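>>> Test case, fold it:
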Amino acid sequence: MRRALGTRGCCWALLLLLPPLLLPAAGASPHRPRLQPGGRSGSLAAADTACKNRPLDLVFIIDSSRSVRPEEFEKVKIFLSEMIDTLDVGERTTRVAVMNYASTVKVEFPLRTYFDKASMKEAISHIKPLSAGTMTGLAIQTAMDEVFTEEMGTRPATFNIPKVVIVVTDGRPQDQVQDVAASARTAGIEIYAVGVDRADMQSLRVMASEPLDEHVFYVETYGVIEKLTSKFRETFCAVNVCALGTHDCEQVCVSNGRTYLCDCYEGYTLNPDKRTCSAVDMCAPGRHECDQICVSNNTSYVCECYEGYTLNPDKKTCSATDICAPGRHDCAQVCLSNGGSYSCNCYEGYTLNPDKKTCSAVDMCAPGRHDCEQVCMRDDLFYTCDCYQGYTLNPDKKTCSRAITSSLVTTEESCKCEAIAALQDSVTSRLEALSTKLDEVSEKLQAYQGRQQVV
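Now for the predicted structure:
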């Protein structure tokens, strides 16, 4: 049976409609590891008798667009056959269907056709790729419409048989897959999305069920697609995973029914990835008895002290050392102890240099350091005051007053002064007389000009 599809693009996706094989018994917590490429260990030969998974209605959907080389498509078919080997298939146990799609959708065989592994694997070996197109949304819709029906072998809802879908793709769907996938999940189909190589991770997340970290898986190439089998086997089968050696614990594997937990040797702690181990930090708060410094030493520790302290005989506590004792510091003048450290200082009259160790004599005559009114004269660590020429130092030894040279005037200097004063008086009298005559001449001139105007 086929359904026409569009022809845009080419990438292949493998939708493995896997039922909740991953679901544990009531009350248990399922372990669904992220599918990454890794070596297969343990034999699948014993799967027929060892694997007793819960009954499922399981549908594989293979995207066989032309981007898949013939040899890669063969690897997909080998993967499907080996997956069937891990399952407890039968009419009353797990039923399997396989779908193939590209630009058209073909149901290779529905859930009602085969109930034994040999017949299923024979049918898978004859599947041919369809090529062209990647219509993932249409493939899921076809699964809901034509495969997950009672007529095609799906058991009634009253049987409570899980229905699961797993999608494996190396590209981006060429149709609207989000709404279709949402409808499938609403109808009770659990969807797993497996990306290969250049797969669009956002598309995988859109179609997968929640929680995404348990339903979105990835492998790097088609060449390792078969290695997903052992991962699904660990999930679906009630076997001792630790005994099979298929776990990824770095140190200790603890079997827990159909799943496992990782643990670590004494002196180590489990990392957040829940797989690897790291040496316990013996110096973490609350783990040691050191007073000051704890130094981790593999699975043990030793105590040390800060600078300026020494370790006491109990090898745990510390006592302050006299750092200012001779030979312990590099201060030029004064050493001041400060707990477990020290600082340098200087004697009076000296100042600490920028190196915070040596000292220089203070300039006592620097501005602001003395109280001389005029002149400061430095004298080693002290100073004295002096005055400018023409001034004398007052009794307070700081301020200055103008100097008085003499209170006596000679006769000669006195006569000179009197002559100068007499000359000044004579000149002044003559100037005043001249000014008066000028005034008189001016008045006569004005009178004359008045008479001339009348004539």
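>>> Without its sequence neighbours, what residue ends up closest to residue 390?
Spatial nearest neighbour of residue 390, chain neighbours left out: residue 403 (5.5 Å); criterion: CB to CB, 6 or more residues apart in numbering. Where C-beta positions appear, they are placed from N, C-alpha and C, glycine not excepted.
>>> do the same with residue 337
Sequence neighbours aside, residue 324 is the residue nearest to residue 337 in space, at 4.7 Å (criterion: CB to CB, 6+ apart).
>>> okay, now that neighbour: neighbour count?
Neighbour count of residue 324, defined by other CB atoms under 10 Å: 16.
>>> Run through the strands of the stretch 301-450 of the chain in chain order.
Ranges of strands within the stretch 301-450 of the chain are 309-311, 318-320, 334-338, 341-345, 350-352, 359-361, 375-379, 382-386, 391-393, 400-402, based on DSSP state E, counting those that start in this stretch.
>>> which residues of this structure score low on pLDDT?
Residues of the chain that meet the criterion pLDDT under 70 lie in 1-53, 234-241, 243-246, 256-258, 339-340, 380-381, 405-417, 455.
>>> Swap in 50 and give it another go.
Applying pLDDT under 50 to the chain flags residues 1-50, 238, 407.
>>> Which residue would you name as the spatial centre of it?
In the chain, the residue lying closest to the centroid (CA atoms, centre = their mean) is residue 272, at 16.6 Å.
>>> Which of the three states applies to that residue?
Secondary structure, DSSP: H, G, I helix; E, B strand; the rest coil: residue 272 is coil.
>>> Same check on residue 191?
Under three-state DSSP, residue 191 falls in the strand class.
>>> show me the residues around it that make contact.
By CB atoms under 8 Å, 6 or more residues apart in numbering, residue 191 lies in contact with 17, 140, 164-167, 181, 184-185, 207-209, 215.
>>> 6 Å instead?
165, 207, 208, 209 (CB atoms under 6 Å, 6 or more residues apart in numbering).
>>> Out of these, who's the most crowded?
residue 165 leads the contacts of residue 191 on contacts (other CB under 10 Å) with 30 neighbours.
>>> just checking, what packs against the longest helix belonging to the chain?
Taking DSSP state H as the assignment, the helix of the chain that covers the most residues is helix 411-454. Here helix 411-454 touches no other helix or strand, going by 3 or more CB pairs under 6 Å, 6 or more residues apart in numbering; DSSP states H and E.
>>> How far away from the center of its chain is it?
Mean C-alpha position of helix 411-454 versus that of the full chain (CA atoms, centre = their mean, to the nearest Å) differs by 105 Å.
>>> Please report how far the residue nearest to residue 337 lies from residue 318.
Distance, residue 324 to residue 318, by CB to CB, to the nearest Å: 18 Å.
>>> ranges for the helices of the stretch 51-200 of the chain?
Secondary structure of the stretch 51-200 of the chain by DSSP state H, counting those that start in this stretch: the helices cover 70-86, 117-125, 136-142, 177-186.
>>> and residue 277, which of those is closest to it?
Nearest of those to residue 277, taken as CB to CB: helix 70-86 at 30.0 Å.
>>> so the closest one versus helix 117-125, what angle?
Interaxial angle of helix 70-86 relative to helix 117-125 (axes from the mean of the first three to the mean of the last three CA atoms, to 10 degrees): 160 degrees.
>>> could I get the helices of the stretch 51-200 of the chain as JSON lines with mean neighbour count?
Converted to JSON lines, the helices of the stretch 51-200 of the chain look like this (neighbours: other CB atoms under 10 Å):
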{"stretch": "helix 70-86", "mean neighbour count": "19"}
{"stretch": "helix 117-125", "mean neighbour count": "16"}
{"stretch": "helix 136-142", "mean neighbour count": "25"}
{"stretch": "helix 177-186", "mean neighbour count": "17"}
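>>> Name the residues of stretch 323-335 that come out as buried.
With burial defined by 16 or more other CB atoms under 10 Å, the residues of stretch 323-335 counted as buried are 323, 324, 329, 331, 332, 335.
>>> burial measure for the closest residue to the fifth one other than its chain neighbours, as a count.
Nearest in space to residue 332, with sequence neighbours left out and distances taken as CB to CB, 6+ apart, is residue 358 at 4.3 Å. The tally of other residues near residue 358 (other CB under 10 Å) stands at 15.
>>> can you check the one 5 residues further on too?
With neighbours defined by other CB under 10 Å, the count for residue 363 comes to 13.
>>> and if you look at residue 314?
Using other CB under 10 Å, residue 314 has 10 neighbouring residues.
>>> What's the separation between it and residue 289?
On the measure of CB to CB, residue 314 and residue 289 end up 9 Å apart.
>>> who's in contact with residue 80?
For residue 80, the contact set (CB under 6 Å, 6+ apart) comprises 60, 124.
>>> same thing but at 10 Å, please
Applying CB atoms under 10 Å, 6 or more residues apart in numbering to residue 80 gives the contacts 14, 16, 60, 62, 96, 98, 108, 120-121, 123-125, 127, 225-226, 229.
>>> quick check, nearest of these to residue 160?
Among the contacts of residue 80, residue 96 lies closest to residue 160 (CB to CB), at 18.5 Å.
>>> Report how many residues lie close to that closest one.
If you count neighbours by other CB under 10 Å, residue 96 ends up with 28.
>>> so what's it up against?
Here residue 96 is in contact with 17-19, 56-60, 80, 83-84, 87, 89, 109-111, 113-115, 117, 120, 123-124, 153 (CB under 10 Å, 6+ apart).
>>> do residue 90 as well
So residue 90 contacts 55, 115, 116, 117 (CB under 10 Å, 6+ apart).
>>> Test my guess that the first one contacts residue 88.
Yes. Between residue 55 and residue 88 there is a contact at 8.0 Å, judged by CB atoms under 10 Å.
>>> Which of the helices or strands spans residue 233?
In this structure, residue 233 sits in helix 228-236 according to DSSP states H and E.
>>> Give me the residues contacting stretch 392-408.
The contact list for stretch 392-408, computed with CB under 10 Å, 6+ apart, reads 370-376, 384-391.
>>> closest to residue 418 among those residues?
The closest of the contacts of stretch 392-408, once distances to residue 418 are taken by CB to CB, is residue 390, at 28.4 Å.
>>> Residue 365 versus the closest one, what's the distance?
Here the criterion is CB to CB. By it, residue 390 lies 22 Å from residue 365.
>>> Repeat that for residue 180.
In this view, residue 180 and residue 365 are 96 Å apart by CB to CB.
>>> what does residue 451 give?
85 Å.
>>> coming back round to it: the residue nearest to residue 337 reaches residue 333, doesn't it?
No. Taking CB under 10 Å as the definition, residue 324 is not a contact partner of residue 333, at 11.9 Å.
>>> Between those two, which contacts overlap?
residue 344.
>>> would a markdown table of the contacts of residue 191 with secondary structure be doable?
Formatted as a markdown table, the contacts of residue 191 follow (three-state DSSP):
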| residue | secondary structure |
| --- | --- |
| 165 | strand |
| 207 | helix |
| 208 | coil |
| 209 | coil |
